[in-house]
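# need coordinates for the below:
(chains A, B, C and D, ligands or ions: 4)
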4 protein chains.
Amino acid sequence: MINGERTIARPLRWGMVGGGRTGQVGYKHRTGALRDGTYQLVAGAFDLDADRGRDFGTKLGVAEDRCYATYQELIAAETGRADGVDVVSVATPNFTHFEITKALLEAGIHVICEKPLFFTVKESEEIKALAEEKGLIVGVTYGFTGHPLVHQMAAMVKKGMLGDIRIVDMAYTHGFNAGDDVGAPEAVQWRTDPKRSGPTFVLGDIGTHLYYLSEIVLGDIKVEKLLCDRTAFIPSRAPLEDHATVLMHYDNGARGRLWVSSVDAGNMGSQRYRFVGSKASVAWSDSHPDQLIYQVQGEPERIMHHGMPYLEDESLAADRMGALHTEGLGDSWSNIYLWIAQAIDAKMRGDDAFLASHHYPDIHAGLEGVRWLENCVKSADQDAAWVDFE
Amino acid sequence: MINGERTIARPLRWGMVGGGRTGQVGYKHRTGALRDGTYQLVAGAFDLDADRGRDFGTKLGVAEDRCYATYQELIAAETGRADGVDVVSVATPNFTHFEITKALLEAGIHVICEKPLFFTVKESEEIKALAEEKGLIVGVTYGFTGHPLVHQMAAMVKKGMLGDIRIVDMAYTHGFNAGDDVGAPEAVQWRTDPKRSGPTFVLGDIGTHLYYLSEIVLGDIKVEKLLCDRTAFIPSRAPLEDHATVLMHYDNGARGRLWVSSVDAGNMGSQRYRFVGSKASVAWSDSHPDQLIYQVQGEPERIMHHGMPYLEDESLAADRMGALHTEGLGDSWSNIYLWIAQAIDAKMRGDDAFLASHHYPDIHAGLEGVRWLENCVKSADQDAAWVDFE
Amino acid sequence: MINGERTIARPLRWGMVGGGRTGQVGYKHRTGALRDGTYQLVAGAFDLDADRGRDFGTKLGVAEDRCYATYQELIAAETGRADGVDVVSVATPNFTHFEITKALLEAGIHVICEKPLFFTVKESEEIKALAEEKGLIVGVTYGFTGHPLVHQMAAMVKKGMLGDIRIVDMAYTHGFNAGDDVGAPEAVQWRTDPKRSGPTFVLGDIGTHLYYLSEIVLGDIKVEKLLCDRTAFIPSRAPLEDHATVLMHYDNGARGRLWVSSVDAGNMGSQRYRFVGSKASVAWSDSHPDQLIYQVQGEPERIMHHGMPYLEDESLAADRMGALHTEGLGDSWSNIYLWIAQAIDAKMRGDDAFLASHHYPDIHAGLEGVRWLENCVKSADQDAAWVDFE
Amino acid sequence: MINGERTIARPLRWGMVGGGRTGQVGYKHRTGALRDGTYQLVAGAFDLDADRGRDFGTKLGVAEDRCYATYQELIAAETGRADGVDVVSVATPNFTHFEITKALLEAGIHVICEKPLFFTVKESEEIKALAEEKGLIVGVTYGFTGHPLVHQMAAMVKKGMLGDIRIVDMAYTHGFNAGDDVGAPEAVQWRTDPKRSGPTFVLGDIGTHLYYLSEIVLGDIKVEKLLCDRTAFIPSRAPLEDHATVLMHYDNGARGRLWVSSVDAGNMGSQRYRFVGSKASVAWSDSHPDQLIYQVQGEPERIMHHGMPYLEDESLAADRMGALHTEGLGDSWSNIYLWIAQAIDAKMRGDDAFLASHHYPDIHAGLEGVRWLENCVKSADQDAAWVDFE
Ligand SMILES: NC(=O)c1ccc[n+]([C@@H]2O[C@H](COP(=O)([O-])OP(=O)(O)OC[C@H]3O[C@@H](n4cnc5c(N)ncnc54)[C@H](O)[C@@H]3O)[C@@H](O)[C@H]2O)c1
Ligand SMILES: NC(=O)c1ccc[n+]([C@@H]2O[C@H](COP(=O)([O-])OP(=O)(O)OC[C@H]3O[C@@H](n4cnc5c(N)ncnc54)[C@H](O)[C@@H]3O)[C@@H](O)[C@H]2O)c1
Ligand SMILES: NC(=O)c1ccc[n+]([C@@H]2O[C@H](COP(=O)([O-])OP(=O)(O)OC[C@H]3O[C@@H](n4cnc5c(N)ncnc54)[C@H](O)[C@@H]3O)[C@@H](O)[C@H]2O)c1
Ligand SMILES: NC(=O)c1ccc[n+]([C@@H]2O[C@H](COP(=O)([O-])OP(=O)(O)OC[C@H]3O[C@@H](n4cnc5c(N)ncnc54)[C@H](O)[C@@H]3O)[C@@H](O)[C@H]2O)c1
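Ligands and ions are numbered 1, 2, ... in the order given. As a prediction, the model looks like this:
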């Protein structure tokens, strides 16, 4: 149970690139980070529009002279200060992630970067090597995976409560792009442009969340081959997709099904997961995140509620509100930000033992997401043929 | 609204082959047929075990001398009576459907046969031709499709309330075969034996229900190519499958996803359907059949309830219990049996006009189910490759 | 598990008074009775409009000369026939129940009567005495209580699975009378007229269902005092009520809350029940009758599904469709009609032992409903004061 | 939509009394306050155990010399500092609220106090007068009422979308006290002791939440008379109650039903509300706070989701996460804390115009809760008789 007591040496000095007034995801970063005195927002290059960014930053409580016009300025100025930022979050469109992350790391600043991390595995490996060389952390904001019940599922699978995993069924679909993109906001424009979004639209935008969460739950079980059938119901989005199904074969013989779509008109169900084992299944959805459906074949279905003593320790450790009281997406982000802070803190203290067993969405998680996307695109480009996962 | 008033000339004299005391599906036939004075159960060869069959038949109220040891005896005796059966239902394991149906039709008896209808398209076409030649009806007991809200979905798609259909997502999964088949009842033994079950297990057993219901809702939209990935998590079931995913491309550009499994441990959700159009979606599940979820993008989700005046006429016409009062699977079967009776009645009266516009699960529906299975197996046998639907 | 095998000596010859073409509840009787060859509909005085009644009756398959203009004619003619009716159902407005039931019993005919049974306890006791004297059965169509999971709840309470019962919470509310009654159908007109409806509207119309079901589940626990607060939001309905809350104190110290309303705009939830014990609770609703929520304090919530082997025998014995397959309200009525038939059959056979342990909604159940209504009205008439239950 | 931009002149310097390491509600205050730079936690008397309190406070980032042993010390020291606290939250057992609040106000410090505010209306009026005299704000942490959809309900009622309000049905029940209190934690011990809890247990503990939320939604509609039936299923809790039902008559003719219990074994449903009007109803539960059920009689049920453009401005203004992304209880508290901060800020600026139209749970709301409790107890003490609300 988290109650706000500090678990790190001191609050981290934190900056943001992107996440400005009009940005979609910026507030999720701030509401995740700015709790419990873990981070202090002291600098930012929040916006492509420098004036708006400065105005916004000061309204967030950042000193005017630490509201920068560009990330380059931010790096230059902050590295020159004794009280410069420890860590910077990157909440800009996908195509800028690589160069900004690289520049921050080279300047000795820890990074928290949005997903999909980069465009290619090659870029991701380059950044991984750089971060290792510099002794810096790169966290990735898979913001849904901080929910206590996600870690309940992982613990149950690990303990063998489901038996051997056989089937994984996942979906993240909505209908906010059911119509065409004429007059759509900037956040839609860049997402549907391969130059700015990268090789995918919904696969990277929402599919990576599914894939990472499944990695947490599945542990050692890995994809062996996959098939991706993608399409653009709104033609202007091609070659990017607004709908895709991915079938996966795992190395233990399990089968996976994953569906992503932004043209699933009217669907408000957000993410849904189902992990089926030889004895039992668990199912969880972000739309009702406080409950986990646990089904043992031949027994009454069980609904587990967050914060209840019957849950595994891993789940209770991530709880903030306690039973009966809903945890929201912000609480989940807050855990992700906390876990990344703990990694940065350990890195600063040189505590490798802690880091060896500490779980958070790291550069490896980000890289694996990019690898999965590369494999999906490879399959899709061969008319949705099966490809060996590599 | 159905209230029990007779819509056919006289009650049909009805017999059953199979559906004996230990049979799984037999009571569904009887509870479907024996309402409203539409059918009268007057004869049967209910059981492989003739004595048990006779004892059972008399307990159902059938005269002892019309409880036959075999379907051959039934045909011989009943065709010799002035008050012989008009129609016989076949509720036996799959491998017997073809020969029994054929023999009944040749004897001039209408047939109501279980699904999956036969093993091959060729057999199905042979029976179709035979029925036409003889002027007889062959109905198929896709028993879930009598629910009023199934016909609401079809009417909504037809009226264009969803816009252009883009995505079809269907699943029928349960976990009753999550364990192996040692000591399993007869109904499981034959289902997992290719000689008696035919070329598939769950695809034929439960997938055909999904496929037929989707045909009702989709109207003119047809499968163009498909891919079927099937597996047997219990190895003794191979080459038959206990889990399969089918991806479909439709001729209007829509994409389909279908999942069937009998190893989905603990799942009690029965069948779930989602039809997504460019404007709106509808979703329905047999586990809560009284409600239809209708989602127009950008508007509050709507839940429609059976029996309410805002529904389309097609739906209200099939309602038995009225709003607030649950319709069960038996009510759905009851409609299927009624619609088949109306077809038989029209055939007897030579009313071709009625038949031309009357909808019920007919030989064509049965044949299309078999065709779909053949295509699934063809794909599965090529390591789950895409195949053109033919 | 019910599979249609006859459990009585021979099908009962059955007649109906009321339940004509325009009647609301008539079809529920027929769909409940006309299954499994338990009853055969052979006579009726279906309608106040004799011609319409005759036309309707013949469409139901009743011989024209046994479609009578009045219940008096029916009694006169049927008692004169060797193959006259064994039992008659009364599905007419409340104010006619007493005189029709009385006349039938006096003529030696078993009766199945609608609820609320009569206007007063005195009338009910008179009929009870008459039925006993004549050796006849009076069944009451509390049609919702045939659901298998109702009997699961009763069995669980009896076995002590909930601990000591502390709280009973019940509601049956809908909004079909949210507007006023101008132009409303006959079924609404008589229900809101004290002369024809009796001393209550929604308390008798829907509250008696709640009360009887709770009697089944609670067994020996009885109401000791109660308070009823009723009102008519549509003034023309006064002194009858379209909304009422009843608080009850039981003799074991438990507290009850009951809510009935027909002005609960938009509510489609039908009946909801919650029985809370010192250890656990059960909750069930007629709108999703296939599932029972079973909550042990401190454990995951459990959802039990009808037809599953983990249920108590009492529940499985009442199952018709089997797990995964929805039971509807018609199946429930069908059980009620079956259980009444078994009582009549036992009575005919003089099998008192059977009758002593056989449960069905009998004259006593009907009388208790009327008693409860009398107590409610007594309280309401004293400005919703507490009254001792008597 | 809230995105973290500051709406007040400067962050408020904030202290806490109570809410220490073992306190149940303390973290909810902190997670509510410590966002968006609205409050800075600078001082506290967190715990009866001064050492533990100091240790805890420093772990929360409070300077050691501002972690005080008692609230008296806190007041003495903080009023002596130029940078002393602006506002202090009181998160201690009920019996201490009055004296601590009074002392803080007298020292010129704004107060945020837990509910139930005080033991008596008299005390509440005294504090109200004192706050007015001093020009200080007293906020009350009805923490559930910050949810955007609560304000959607209020806006819909105000606009007349439901028609005339007829029925209010509310419940907040759980089973965490289904067993007795032997060995229970301190938070249960004081709650069941009249000296420390005040005149009620569950009525004050959870019932006040229901009542305040209903006040927000109902606007001008006020309780005219009520009846409260309370009991203690665990006898040691008497005269306090662990279960109560309150019936209310409102001045517009509406009827209310309210249920609170902490012995509702297994119930995890938290709070549920239903407001029924002559045309439509709305229903909302804290357990799935992101959705509002809106039911217009005769139309499909509608489910409204937070953050969607079709909602009223009042609701969208309170949204933090945006559609598809769950808001949790912490987000709700965060809004409450923000609204109180805005009141304090306006008070500091002397902005009476802002205060006149600004809504937040203020001293009046706290007082009305206490008044409601007094009326409930008055009724309960007369054997659950009706009492005029005064
Ligand atoms: N983790 C999640 O759940 C989640 C949710 C939404 C978006 N995202 C990711 O977050 C990123 C941003 O997405 P969004 O929807 O907020 O985009 P957006 O277009 O809404 O906002 C981007 C913001 O970045 C600013 N910006 C752009 N380029 C910049 C630059 N070079 N320097 C400084 N500021 C710059 C813009 O002014 C704007 O404020 C994307 O990578 C997206 O995939 C993640
Ligand atoms: N429409 C549906 O929803 C549904 C549901 C279940 C089963 N089914 C289908 O119904 C058929 C029967 O399935 P089941 O599960 O009831 O099988 P089952 O093995 O449980 O029962 C088969 C019955 O047929 C009898 N039988 C077998 N061979 C016979 C013969 N030659 N002559 C006379 N009687 C014979 C058996 O004695 C038994 O009573 C299958 O085709 C199955 O696919 C359909
Ligand atoms: N058990 C249940 O769930 C349930 C449900 C609905 C109604 N009911 C009860 O059923 C009874 C009928 O209700 P309804 O809603 O069907 O009423 P209704 O007004 O819709 O129908 C009454 C029927 O009885 C006929 N009738 C009236 N008086 C008659 C007479 N003297 N002789 C012959 N026929 C006569 C009418 O012509 C009509 O067909 C009432 O007592 C009601 O409380 C019970
Ligand atoms: N708003 C809500 O949703 C909500 C929820 C829970 C509790 N509450 C209210 O919060 C208050 C506290 O409840 P709780 O459950 O946290 O109680 P608790 O017993 O769990 O915690 C009380 C805390 O206050 C400290 N404390 C007690 N007396 C003190 C004093 N004189 N000075 C300083 N510290 C003192 C204790 O050491 C402890 O840390 C109660 O009034 C309760 O009704 C409100």
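# get me the contact residues on the stretch 51-200 of chain A for chain D.
Residues of the stretch 51-200 of chain A lying close to chain D by CB under 8 Å from any CB of the partner chain are A:Phe56, A:Lys59, A:Leu60, A:Gly61, A:His174. No exception for glycine: its C-beta is placed from N, CA and C like everyone else's.
# now do the helices in the stretch 101-250 of chain A.
With DSSP state H, counting those that start in this stretch as the criterion, the stretch 101-250 of chain A has helices at A:121-134, A:148-159, A:186-191, A:194-197, A:202, A:208-218.
# near chain B, which residues of the stretch 151-300 of chain A are found?
Within reach of chain B by CB under 8 Å from any CB, the stretch 151-300 of chain A has these residues: A:162-163, A:166-167, A:169, A:175-176, A:178-179, A:227, A:229, A:231, A:233, A:243, A:245, A:247, A:253, A:255, A:257, A:259, A:261, A:263-268, A:276-281, A:294-297, A:299.
# quick one: residues contacting A:Glu123.
A:Glu123 makes contacts with A:Phe98, A:Val370, as judged by CB atoms under 8 Å, 6 or more residues apart in numbering or on different chains.
# who's in contact with the closest residue to A:Ala318 other than its chain neighbours?
Closest residue to A:Ala318 apart from its sequence neighbours, by CB to CB, 6 or more residues apart in numbering or on different chains: A:Pro148 at 4.2 Å. For A:Pro148, the contact set (CB under 8 Å, 6+ apart) comprises A:His306, A:Gly307, A:Leu311, A:Ser315, A:Leu316, A:Ala318, A:Asp319, A:Glu327.
# try it again with 7 Å
Residues in contact with A:Pro148, defined by CB atoms under 7 Å, 6 or more residues apart in numbering or on different chains, are A:His306, A:Ser315, A:Ala318, A:Asp319, A:Glu327.
# dump those residues to a markdown table, plus secondary structure and neighbour count.
Shown next, in a markdown table, are those (DSSP: H, G, I helix; E, B strand; the rest coil; neighbours: other CB atoms under 10 Å in any protein chain shown):
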| residue | secondary structure | neighbour count |
| --- | --- | --- |
| A:His306 | coil | 26 |
| A:Ser315 | helix | 24 |
| A:Ala318 | coil | 26 |
| A:Asp319 | coil | 24 |
| A:Glu327 | coil | 27 |
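# for those residues, work out which two are farthest apart.
A:Ser315 and A:Glu327 (11.0 Å; CB to CB).
# closest one to C:Tyr360 out of the contacts of A:Pro148, please.
Proximity of the contacts of A:Pro148 to C:Tyr360 (CB to CB) peaks at A:His306, which lies at 44.8 Å.
# which one is the closest residue to ligand 3 within chain A nearest to, not counting chain neighbours?
Residue of chain A nearest ligand 3, by CB to the nearest ligand atom: A:Pro300 (28.9 Å). Once flanking residues are discounted, A:Pro300 sits nearest to C:Arg302: 3.9 Å by CB to CB, 6+ apart.
# contacts only, for the spatially most central residue of chain A.
In chain A, the residue lying closest to the centroid (CA atoms, centre = their mean) is A:Tyr142, at 1.3 Å. Going by CB under 7 Å, 6+ apart, A:Tyr142 touches A:Lys115, A:His209, A:Tyr212, A:Ile336, A:Pro361, A:Ala365.
# which residue is the nearest non-sequential neighbour of A:Ala50?
Of all residues not flanking A:Ala50 in the chain, A:Ala69 sits nearest, at 3.6 Å (CB to CB, 6+ apart).
# ligand 4 contacts on chain A?
Neighbours of ligand 4 within chain A, by CB under 6 Å from any ligand atom: none found.
# low-scoring pLDDT stretches of chain A, where are they?
Scanning chain A for pLDDT under 70 picks out no residues.
# do you have the strands of it handy? List them.
Using DSSP state E, the strands found in chain A span residues A:12-18, A:39-45, A:87-91, A:110-113, A:138-140, A:165-173, A:223-231, A:243-250, A:255-261, A:271-277, A:280-285, A:291-296, A:301-305, A:387-388.
# what angle separates the third one from strand A:12-18?
Per axes from the mean of the first three to the mean of the last three CA atoms, to 10 degrees, the angle that strand A:87-91 makes with strand A:12-18 is 20 degrees.
# between strand A:39-45 and strand A:87-91, find me the angle.
On the basis of the same axes, to 10 degrees, strand A:87-91 is oriented at 60 degrees to strand A:39-45.
# ok, the residue nearest to the centre of chain A to A:Leu329 distance?
12 Å (CB to CB, to the nearest Å).
# mind listing what's buried in stretch A:234-243?
A:Ile234, A:Arg237, A:Leu240, A:Glu241, A:Asp242, A:His243 (16 or more other CB atoms under 10 Å in any protein chain shown).
# so which bits of the stretch 201-350 of chain A are right by chain C?
Neighbours of chain C within the stretch 201-350 of chain A, by CB under 7 Å from any CB of the partner chain: A:Tyr294, A:Glu299, A:Pro300, A:Glu301, A:Arg302, A:Ile303, A:Met304, A:Tyr310.
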